[in-house]
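[1] no sequence for this one, just the structure:
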């Protein structure tokens, strides 16, 4: 796999030959010399003579993985894992990658679930989400057409970067001024530039001369147009010679070129390598990949805060939502989302490009695989994108079949953002009466068959963010304890619209809907009157009864009791019959509007039995006083 040359072999950071001075076998020496096929042959010979140590077995598994023999790699990883848990997190990722390439998805998920007690919740959620969205595949993707650029060479070309009206990139094409990088067998990397016309036509490739010369690595540039600064990676060297740490390792530093050629080291550590700088003008944060000791796997993504080009903080790990047991590289922020590449096991193949929505300053959403087109079964990385008028254009590197060299640079132009379609909702659960956020409220997203797609709880301030693979119909539900139940369904364009702005879920408390009347807790309604002498429902009455229907929808566990009263005019028997008819017609209307019949415990007509004032039989009263006795009460018996 040629991409191993300059993506993963750069991570090796070139140790000196000190490794060969210990008591290593031939297999070990070939392994540490990056000659993996020869290492396999020697380890097999040594295995026939006697058993290999666990570390040698893992070297053998790693060698199989490097040459693409995933079946043998997964078998050895699992064998060692069963008898001795010495797999590194990176080897655990390679185990799952190997299983993914040689087994069905169900076997991988079963193995993953068996390890869930020792894995982070973020990793499990990320895996479940991406398994699901990739299964939906092309039905859920914007079509993308990648164009292999004529600037590519038979060597390795990668890491495109926007630079004014040009494109910068890294290449291992041979130069007289540079030697051979031993792990790859190709030249040390350098930075090149090429003009790009408005139509996408490329000019002549030239060596980029705005950074100091070096006969060792210069690569992965990023240009901040706002600050007119160029960030890039270079080999640690002094006076024209590589420098090593106490273990004989040469690492990669990060430098900055500014003011037409001035240079400054930004991040330099003889024992740690830095990769793929990206500077975010909006936050003055410098993002990069590195292999620090607090890594969640191989290389992780970090940032440092800066001020006027000076690093002002220690590196901050982006955390387990972004970083995985694999390698993460090539951060790029566009339109509120972090794009990066990872070889985590739940992708399509090797390195895949992912998109994570930046929810707040240090909170990232689930990384979503951009799907086939942008990604392939090989390695895809160094994704950059910008908007030009009504279209999106960008570049990435890949070693997919059909290229000219190890890695090639590809271009794309699209009317819509590339990637698999998702539904992302950001909002707040609030108390409807006070508009204060409600913490720990349950939020559910359901499909059109009522299956729960995602369940989560709001933060203490009521905020929530959720993202799921796209569905054509989604129901949003919410609730908490004494608060009302919330349920709204959306489809098509409605789903597109509610994603564009913060979404508010207002929950009522039962006390907001009821009042005390005649010693009873009743649904708060505007007083209404039936036509004199009959039980016909008027629009005025149904408008109020619809409030009862809404109350039951908000509080589905509520129990009701309907009682209807008349005034004293007319006979007792007539009034008793009339009030019962009215009570029953109210019940029937509520049931017809979706109120479950079991919610209504009773519907009783009391006639003139409970007169509220002195307007009893034989007493003259004005009409408005008689009307005080004519009433319908919807009593809340329990919730």
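    Cool, the structure landed. The structure displayed is predicted, hence computed values, not measured ones.
[2] From the rest of the structure, what touches stretch 286-296?
    Residues outside stretch 286-296 that contact it (C-beta atoms under 8 Å, 6 or more residues apart in numbering): 11, 89, 231, 254, 266-267, 272-280, 298-304, 306, 311, 315, 317, 320, 323-325, 327-331, 333. The way it works is simple: take the backbone N, C-alpha and C, and place the C-beta from them, glycine included.
[3] Pull out the buried positions in it.
    When neighbours are counted by 16 or more other C-beta atoms under 10 Å, the buried residues of stretch 286-296 are found to be 286-291, 295-296.
[4] Sort out which residues of stretch 430-450 are buried, please.
    Residues 430-432, 437-438, 441-446 are the ones in stretch 430-450 that count as buried (16+ other C-beta under 10 Å).
[5] Next, count neighbours for residue 489.
    12 (other C-beta atoms under 10 Å).
[6] can you check residue 195 too?
    For residue 195, the neighbour count with other C-beta under 10 Å is 15.
[7] Just the element for it, please.
    Residue 195 belongs to strand 190-195 when elements are defined using DSSP states H and E.
[8] Averaged pLDDT, that strand. What do you get?
    Average pLDDT, strand 190-195: 96.
[9] show me where pLDDT drops low in the chain?
    When residues are selected by pLDDT under 70, those of the chain lie in 1-23, 84-85, 138-141, 639.
[10] what residue is smack in the middle of it?
    In the chain, the centroid-proximal residue (C-alpha atoms, centre = their mean) is residue 366; its distance is 1.8 Å.
[11] correct me, but it touches residue 126?
    Yes - Residue 366 is within contact range of residue 126, at 5.5 Å (criterion: C-beta atoms under 8 Å).
[12] For residue 506, give me its contacts.
    Residue 506 sits next to 430-432, 486 when contact means C-beta under 8 Å, 6+ apart.
[13] Output those in a markdown table; the columns should cover secondary structure.
    Output for the contacts of residue 506, formatted as a markdown table (DSSP: H, G, I helix; E, B strand; the rest coil):
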| residue | secondary structure |
| --- | --- |
| 430 | strand |
| 431 | strand |
| 432 | coil |
| 486 | strand |
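[14] Closest one of the residues you listed to residue 529?
    If you rank the contacts of residue 506 by distance to residue 529 using C-beta to C-beta, residue 432 comes first, at 29.3 Å.
[15] Outline the domain layout of this protein.
    1-420, 423-509, 513-638 (automatic domain parsing).
[16] what's the first-to-last distance across the last one?
    What that stands for is domain 513-638. The first residue of domain 513-638 is 14 Å away from its last residue (C-alpha to C-alpha, to the nearest Å).
[17] Break down the stretch 351-500 of the chain into its helices, ranges please.
    For the stretch 351-500 of the chain, applying DSSP state H, counting those that start in this stretch gives helices covering 493-498.
[18] Okay, strands next: where are they in it?
    352-360, 363-364, 368-369, 380-388, 391-398, 408-414, 419-420, 422-431, 442-446, 452-457, 463-469, 473-479, 486-491 (DSSP state E, counting those that start in this stretch).
[19] Tell me where the stretch 201-350 of the chain has strands.
    In the stretch 201-350 of the chain, the strands defined using DSSP E, counting those that start in this stretch lie at 206-207, 218-224, 229-235, 237-238, 241-242, 252-258, 262-267, 274-280, 285-290, 300-307, 310-311, 316-317, 328-334, 337-342.
[20] Turn these into JSON lines, columns for distance to residue 101.
    Shown next, in JSON lines, are those (distance: least, C-beta to C-beta, whole Å):
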{"stretch": "strand 206-207", "distance to residue 101": "39"}
{"stretch": "strand 218-224", "distance to residue 101": "28"}
{"stretch": "strand 229-235", "distance to residue 101": "30"}
{"stretch": "strand 237-238", "distance to residue 101": "38"}
{"stretch": "strand 241-242", "distance to residue 101": "36"}
{"stretch": "strand 252-258", "distance to residue 101": "30"}
{"stretch": "strand 262-267", "distance to residue 101": "35"}
{"stretch": "strand 274-280", "distance to residue 101": "25"}
{"stretch": "strand 285-290", "distance to residue 101": "24"}
{"stretch": "strand 300-307", "distance to residue 101": "24"}
{"stretch": "strand 310-311", "distance to residue 101": "40"}
{"stretch": "strand 316-317", "distance to residue 101": "29"}
{"stretch": "strand 328-334", "distance to residue 101": "20"}
{"stretch": "strand 337-342", "distance to residue 101": "16"}
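[21] Can you check which of these gets nearest to residue 399?
    Per C-beta to C-beta, nearest to residue 399 of these: strand 337-342, 12.3 Å.
[22] Name the strands paired with the closest one and say parallel or antiparallel.
    Applying DSSP bridges to the sheet, strand 337-342 is found paired with strand 328-334 (antiparallel), strand 352-360 (antiparallel).
[23] looking at the ones you listed, which is buried most?
    Compared across these, strand 328-334 shows the largest average neighbour count, a mean of 24 (mean count of other C-beta atoms under 10 Å).
[24] What residues are bridge-paired with residue 234?
    Taking DSSP bridges as the rule, residue 234 bridges to residue 218, residue 253.
[25] What residues does it make contact with?
    Taking C-beta under 8 Å, 6+ apart, we find residue 234 in contact with 214, 216-219, 252-255.
[26] which one of these has the most neighbours?
    Neighbour counts for these (other C-beta under 10 Å) peak at residue 217, which has 29 neighbours.
[27] what's the spacing between it and residue 598?
    According to C-beta to C-beta, to the nearest Å, residue 217 and residue 598 sit 75 Å apart.
[28] just residue 91 next, same as before
    From residue 91 to residue 598 the distance is 59 Å (C-beta to C-beta).
[29] who has more neighbours, these two?
    Neighbour comparison, residue 91 and residue 598: the larger count goes to residue 91, with 20 against 7 (by other C-beta under 10 Å).
[30] List the contacts of that one.
    Residues in contact with residue 91 (C-beta under 8 Å, 6+ apart) are 58, 61-62, 77.
[31] Repeat that for residue 191.
    With contact set as C-beta under 8 Å, 6+ apart, residue 191 has these partners: 168-170, 207-208, 211, 218-219, 221, 232.
[32] With distance to residue 559 as added columns, please give the residues you listed in a markdown table.
    Converted to a markdown table, these look like this (distance: C-beta to C-beta, whole Å):
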| residue | distance to residue 559 |
| --- | --- |
| 168 | 71 |
| 169 | 70 |
| 170 | 71 |
| 207 | 81 |
| 208 | 76 |
| 211 | 76 |
| 218 | 75 |
| 219 | 71 |
| 221 | 69 |
| 232 | 70 |
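[33] separation between the closest residue to residue 200 other than its chain neighbours and residue 395?
    Closest residue in space to residue 200, ignoring its immediate chain neighbours: residue 411 at 6.3 Å, by C-beta to C-beta, 6 or more residues apart in numbering. Using C-beta to C-beta, we find residue 411 at a distance of 5 Å from residue 395.
[34] list residues touching both of the two?
    Joint contacts of residue 411 and residue 395 (C-beta under 8 Å, 6+ apart) are residue 149.
[35] Between the two, which is the more surrounded one?
    Neighbour tally, residue 411 and residue 395, criterion other C-beta under 10 Å: the higher count belongs to residue 395, 24 against 19.
[36] thinking that one is in contact with residue 408, fair?
    No - using C-beta under 8 Å, residue 395 makes no contact with residue 408, being 10.6 Å away.
[37] what is in contact with those two at once?
    The contact lists of residue 395 and residue 408 share residue 149, where a contact means C-beta under 8 Å, 6+ apart.
[38] how about the helices in the stretch 51-200 of the chain?
    54-67, 70-83, 89-102, 105-114, 121-136.
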